[in-house]
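1. the sequence and its predicted three-dimensional model are supplied below.
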Amino acid sequence: MRRGRRMRRRKASNFRFCFCGFEIYSNFFFFTQREMLQCIFLLSDSGEVMLEKQLTGQRVDRSICTWFWEHTISQGDSPKLQPVIASPTHYLFQILREGITFLACTQVEMPPLMGIEFLCRVADVLTDYLGSLNEDLIKDNFVIVYELLDEMIDNGFPLIAEPNILREMIAPPNMVDKVLSVVTGNSSNMIDTLPGSTSSCIPWRTTDPKYANNEVYVDLVEEMDAIINRDGVLVKCEIYGEVQVNSHLSGVPDLTISFANPAILDDVRFHPCVRFRSWEAHQVLSFVPPDGQFKLMSYRVRKLKSSPIYVKPQLTSDAGTCRVSVLVGIRNDPGKTIDSITVQFQLPPCILSAHLNSNYGTVNILANKTFSWTIGKIPNDRAPAMSGTLVLETGLERLHVFPTFQVGFRIMGVALSGLQIDKLDLKNLPKPPYKGFRALTRAGEFEVRS
Amino acid sequence: MAPPGQSQRSSSPSQPAGKGEVADVKTQLRNLAGSRAPGVDDSKRELFKKVISYMTIGIDVSSVFGEMVMCSATSDIVLKKMCYLYVGNYAKVNPDLALLTINFLQRDCKDEDPMIRGLALRSLCSLRVTNLVEYLVGPLGAGLKDNNSYVRMIAVMGVLKLYHISASTCVDADFPTTLKHLLLNDRETQVVANCLSALQEIWSLGGSASEEVSREREILLSKPVIYYLLNRIREFSEWAQCLVLELVAKYVPADPNEIFDVMNLLEDRLQHANGAVVLATTKVFLQLTLSMTDVHQQVYERIKAPLLTLVSSGSPEQSYAVLSHLHLLVMRAPFIFSSDYKHFYCQYNEPSYVKRLKLEMLTAVANESNTYEIVTELCEYAANVDIPIARESIRAVGKIALQQYDVNAIVDRLLQFLEMEKDYVTAEALVLVKDLLRKYPQWSQDCIAVVGNISSKNVQEPKAKAALIWMLGEYSQEMHDAPYILEGLIENWEDEHSAEVRLHLLTAVMKCFFKRPPETQKSLGAALAAGLADFHQDVHDRALFYYRLLQYKISVAEQVVNPPKQAVSVFADTQSSEIKDRIFDEFNSLSVVYQKPSYMFTYKEHRGPFEFSDEIGNVSIGTESADTVDPNRVEANDKDLLLSTSEKEETRGLNNSSSAYSAPSYDASSVSVPTSQLSGLVISNPSVSGNAPQSSFAIDDLLGLGLAVAPAPAPSPPPLKLNPKAVLDPTSFQQKWRQLPISLSQEYSMNPQGVAALTTPQALLRHMQGQAIHCIASGGQSPNFKFFFFAQKAEDSSTFLVECVVNTSSAKAQIKIKADDQSATRPFSSVFQSALSKFGMP
């Protein structure tokens, strides 16, 4: 990226000025204890230990889970629990996925992001292997989970988290295997050979896959995060996007993707397969892809000037009641259909009752005083509107705490950041493959204040 | 764990019915053990699965150990894996039975399938039974030489496991040397990474400053090794990259060129998909450039975008970890982030711990250009459903007002808060308005007008009430109703539960009395009477004090209670800059998340097994249970930070509010300090001479001694004797080094002979040892050497720690001394210097 290169040159020219200021910084001569995570637990949504994997010689007693669970309950809302917690004996990292808590314990200083990142990967790999995540799936497949953990981490230090490689060491439980095992009587879900790539120079790629039909799909998936204030002004609007690739290509193909307008990207992050130099020099993505689905790149585009739809809430209160009206419409037509439009908001606690109706779509009341208005597509003949009254607590004249409206939408076929793929070149392939491109934008954290 | 009722609710087939089943499984396994019937592996597999599922849910199935081992003679690898898992779990409690498994594991270590070899070796090393270590050496040795990298990788970790069970066996078999060889020569990067991880741990445990070990450590941090690892960094797995980067962060490059080389090489790591790699790289960059101010700043600019992307991309958990680090950087260099303030806007759905961090960052980055927008945004949060966050954001507005330029707009906002009619908003705003008035008295007109409209009945929180009362007292001249409001409050004295409020009430009514005596006299009398009868000691004492003051002379009382005050220019910071620096040194660690240096919360590397008791809920973490701190000592000592944030808030609030009346007591203290104590001060710490002599003159004056007497010169210290056989292990050195403040820092010119003799660090070490000053770590290459020394007093065992950086080209030595006994620093420094000056002399 351009900014990066300028920076490097400046650095090089700067050093002459800094030379006199040079001094050895203090106190990094000592090593700290290297041992990392000591134990991983998987807890169900009722706090039951579903799985325990001790990683080092120092066993972590299960009672830590009891402590953790009591701590969780005392905090009330478990998704709002901090990811790093100090218990009386250990430091705990926890992440929550589909009701399952992944808990890791350590007693020493370590990079917190490493612990959390690793747990996230464990969750991803398990989801990948089991199709989804839930209590029963884990319990039914705990042997595979153990096998996976065995290969993913040794002595508390993470080793492999690349699903492609793990798949070669431990076969996922799928229907084909089950059928095969019935037929052949060989029910091992273990693959006999070691993955070739553990010793190849492209660690993310399976050795030499073969496909009858070579195909590669590139998807741009963008999420728009925005905050719109009560006057309809965009306070903040940016896009977080990912380039997702699904590759089924034989041999060792070499791919190049170039963009029509790479300059709009604010910051990029790459899958390890991307050659950084060619991006730096020509803003071109050059890589040997892993096999299957993967995230090639993620990026951010800041300071967007407009949002595709508007949501205009109006609240006027008088003598203990508050009139609400919300209008939704298209602000900047992206050229493709906007669908799956939803508006959700939580009423402040000081409201006793609410009556809301819409002229289009359905309004549902969820738990916790949350209203959900499902619109879908915006009709041609009228602008969707919702209106009604809120009754305030006795003694309150006016509303002081205003709800925030969270908006959802989806637009197929457009990347709202404006990023465009210019071309995709493939080398090292016997015959030209099928290439597919798609784009999609959806609302991320899209908030409208009232 | 779930209550039993809940765990039975689950319908999964692998759930146990009870203890009887274990016995059942045992018989079934025994029947299968010898069988060679077709399909026997499948039945075994079902049984194994059952056993392991029992084990997982916490049922003791160690009784089937023998049967499991018997059944393990199989070619089915999944069965083997389950068996390894089982054995690994129970071997430690059944050492006798574990012996049974050794045989089949050793056989599997020679299997032709590398995967089985590897797995068997891993299980063998995971048995962790002390009396079986002799069986480990052979397979490990073979494993390290295996031609399959998978096996080598496991063997390397096996060596570390062996080291933990029996360090001597490991060293006797010369495994560390083999690892060192593999580290530098193996083709496979994962083997290299495992070697690195294992060797670091072995050498850090092999601790006790043995010269050999410290030399080995130096080798690991030497230029060739670091470069070798750096050049291959792209081949390493993402986790191994973190490991290497952490090592690089400790490397001391010889010159700026090297720094730039390293940074250029690593720059693309900032774009890595794994957040842990990005943070580890960030740490390297920050550490390398610490001494190069403007490059350091460029580094901030460079890492800004990747970190901001990391925050917005990952899961909420990842975001939080990154955000904590970002928070640290923003606090260090807010101006660099001032244009990115929108990234710190809170989203509705974010958990409150994230919002809290963001609020702090918003407060920090506010400057002339963005204050208006930031304050507007913060005001949005004041109407937030989450009340603690609403409060926090009002406080943030106040903080910005206290540090910023565009106070005009902010005051209006604060006053709007007061009109919002929300009790907690009013409460927070009142406290802020009070602080604001102390800093900007010129706003009193506007504020007083609004504050006057607030009915004291609507203010219930003690802090807010105290603030309101303070304003009533301070501005009783301007607020017409002040005496009457105070009167009303005094009438309800009995119902006022907070001592803080009652104290404020006493002072306020005094102040009011000085300004408007006729209207206040009655209530003053009532307040003093109520105060004297108060059961709270402080309230009673203050009432008594005021009463006697008033009895003595009203004008003196006014001078004491309500002297003309200067506007407060800066409010004390809670976290000292040294603490912040230490947290920064520990970038990419838990310290950052906790916002405390690690020595404050990891008080032992490994705590012993902890007995979980019923009182677990009451057990506080070591750090939190720390000493209480004298709240008046604003100069934050380290212990101050041990208080949890809320407590800190408390003490700060107390400070702020109490300083209204502590002003006179300050005066008093400067007059009444006994001379002996003062002169002690002069002797023990000559550097504070700024204040001390003046006040001592004042005392001299009072005593009628005239001005001629100079403070007594410090008596010459007794000669310092050092213990020639002092011992200190590196861990405690490190801990001490972090905890103690620098008591002396100076530059010292070396004599030319010394410089000439300093070709290797070792030369100086031996010399200093002869002077009873021991070295604990050293490093560097010509012309820069760095040493850490320590010495102990002969009579008591108080220690001195020295960091000494020698630059041979300029012939200068920079010395930083830290000492247990601060007063002995100077004598020690002269001993140290004379020792240093003798270096190189014949």
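-> In hand now; what should we look at?
2. residue 326 sits in which helix or strand?
-> Looking at chain A here, since you left the chain open. Following DSSP states H and E, one finds residue A:326 within strand A:321-330.
3. switch to chain B, that's the one I care about
-> helix B:316-332.
4. buried ones in that helix, by neighbour count?
-> For helix B:316-332, burial by neighbour count (16 or more other Cβ atoms under 10 Å in any protein chain shown) applies to B:316-332. (Each C-beta comes from the backbone N, C-alpha and C, glycine too.)
5. sheet-wise, list the partners of the strand holding residue A:326 with their directions.
-> Applying DSSP bridges, strand A:321-330 is found paired with strand A:309-318 (antiparallel), strand A:385-392 (antiparallel).
6. in TSV, list these along with mean neighbour count and mean pLDDT.
-> Formatted as TSV, the strands paired with strand A:321-330 follow (neighbours: other Cβ atoms under 10 Å in any protein chain shown; pLDDT from 0 to 100):
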stretch	mean neighbour count	mean pLDDT
strand A:309-318	17	86
strand A:385-392	17	87
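7. figure out which of those is closest to residue B:497.
-> With respect to residue B:497, and counting by Cβ to Cβ, the nearest of those is strand A:385-392 at 30.9 Å.
8. after the closest one, which helix or strand is next?
-> With DSSP H and E, the next secondary element past strand A:385-392 is strand A:404-412.
9. pLDDT below threshold where in the stretch 451-600 of chain B?
-> Scanning the stretch 451-600 of chain B with the threshold set as pLDDT under 70 gives B:567-584, B:588, B:594-600.
10. cool, the stretch 1-150 of chain A as well?
-> A:1-35, A:76-80.
11. circling back to that earlier point, and the helix holding residue B:326, C-alpha only, in PDB?
-> Provided in PDB are the C-alpha atoms of helix B:316-332 (Å, rounded to 0.1, in the frame of the first residue of the first chain):
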ATOM      1  CA  PRO B 316     -15.900  -9.000  20.100                       C
ATOM      2  CA  GLU B 317     -13.400 -10.900  22.200                       C
ATOM      3  CA  GLN B 318     -10.600 -10.200  19.800                       C
ATOM      4  CA  SER B 319     -11.600  -6.600  19.400                       C
ATOM      5  CA  TYR B 320     -11.400  -6.100  23.200                       C
ATOM      6  CA  ALA B 321      -7.900  -7.500  23.400                       C
ATOM      7  CA  VAL B 322      -6.800  -5.200  20.600                       C
ATOM      8  CA  LEU B 323      -8.700  -2.300  22.000                       C
ATOM      9  CA  SER B 324      -6.900  -2.600  25.300                       C
ATOM     10  CA  HIS B 325      -3.600  -2.300  23.500                       C
ATOM     11  CA  LEU B 326      -4.800   0.600  21.400                       C
ATOM     12  CA  HIS B 327      -6.000   2.200  24.600                       C
ATOM     13  CA  LEU B 328      -2.500   2.100  25.900                       C
ATOM     14  CA  LEU B 329      -1.000   3.600  22.800                       C
ATOM     15  CA  VAL B 330      -3.700   6.300  22.600                       C
ATOM     16  CA  MET B 331      -3.000   7.200  26.200                       C
ATOM     17  CA  ARG B 332       0.700   7.500  25.400                       C
END
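12. is it anywhere near chain A?
-> Yes. Contact of helix B:316-332 with chain A (Cβ under 8 Å from any Cβ of the partner chain) involves B:316-318, B:320-322, B:324-325.
13. for that helix, name the packing helices and strands.
-> Applying 3 or more Cβ pairs under 8 Å, 6 or more residues apart in numbering or on different chains; DSSP states H and E, one finds that helix B:316-332 contacts helix A:112-130, helix B:275-288, helix B:293-313, helix B:352-365, helix B:577-585, helix B:590-594.
14. wait, which of those helices is closest to residue A:89?
-> Judged by Cβ to Cβ, the one of the helices and strands packed on helix B:316-332 that comes nearest to residue A:89 is helix B:590-594, at 14.5 Å.
15. what helices and strands are in contact with that closest one?
-> So helix B:590-594, by 3+ Cβ pairs under 8 Å, 6+ apart, packs with strand A:84-86, helix A:112-130, helix B:316-332, helix B:577-585.
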